[in-house]
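Visitor: just a sequence and a predicted model for now, questions to come.
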Amino acid sequence: MHYLSITYTSLAALDLTAEQVHDIHQSAEALNGVDGISGILIFNGTHFLQIIEGPPDAVRELLERIRRDPRHSGIEIRDERMVDERLFGGWLMRLVRVRSRYTLAQEDVIAQLPEELSPAIRDRILSMIGQISEDVGS
């Protein structure tokens, strides 16, 4: 089976609360289980980085719901591809909270990525963390 994998970044609403982030995670886990979607949601307090994967129609429908969600804005698709295997098949939606500084965010996410993730995908995720981090290049 082929799956659609989409990676995007977005800017959290200024008034986003910890409770709302928890609600996003809980509803994602519940709905993704029904829709056959898996993935990871990385949040650094101001930005989201999310990878969603699953049946193409379900992923596209989810992306449209995500675009309408007022809890964030400025969605930028960073990667879209068809894949033969899921990267996060065991996770309906894992929430990984990271610190905003790039090097600290890398430490936070490395500790939580699945061990079986290929080095290329691990590097891609770490590279994308730079897109939502404060001190890249400093």
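Guide: Looks like it came in fine.
Visitor: only C-alpha atoms from now on, for both contacts and neighbour counts.
Guide: Fine.
Visitor: what about the helices in this structure?
Guide: 18-35, 56-68, 102-110, 119-129 (DSSP state H).
Visitor: pLDDT on the first one, on average?
Guide: Yep, that's helix 18-35 we're talking about. In this model, helix 18-35 has a mean pLDDT of 89.
Visitor: closest to Leu87 out of the helices of the chain?
Guide: helix 119-129 (8.4 Å; Cα to Cα).
Visitor: the inter-axis angle of the closest one versus helix 102-110?
Guide: 140 degrees (axes from the mean of the first three to the mean of the last three Cα atoms, to 10 degrees).
Visitor: about what we covered before: in JSON lines: the helices of the chain, plus distance to Leu11 and mean neighbour count.
Guide: Compiled in JSON lines, the helices of the chain are given as follows (distance: least, Cα to Cα, whole Å; neighbours: other Cα atoms under 10 Å):
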{"stretch": "helix 18-35", "distance to Leu11": "13", "mean neighbour count": "15"}
{"stretch": "helix 56-68", "distance to Leu11": "12", "mean neighbour count": "15"}
{"stretch": "helix 102-110", "distance to Leu11": "16", "mean neighbour count": "17"}
{"stretch": "helix 119-129", "distance to Leu11": "13", "mean neighbour count": "15"}
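Visitor: possible to save those helices as JSON lines with distance to Phe43?
Guide: As requested, those are exported to JSON lines (distance: least, Cα to Cα, whole Å):
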{"stretch": "helix 18-35", "distance to Phe43": "9"}
{"stretch": "helix 56-68", "distance to Phe43": "15"}
{"stretch": "helix 102-110", "distance to Phe43": "9"}
{"stretch": "helix 119-129", "distance to Phe43": "10"}
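Visitor: out of these, which gets nearest to Arg94?
Guide: Nearest of these (Cα to Cα): helix 18-35, 7.7 Å.
Visitor: can you list contacts of that closest one?
Guide: Residues outside helix 18-35 that contact it (Cα atoms under 8 Å, 6 or more residues apart in numbering): 38, 58, 92-95.
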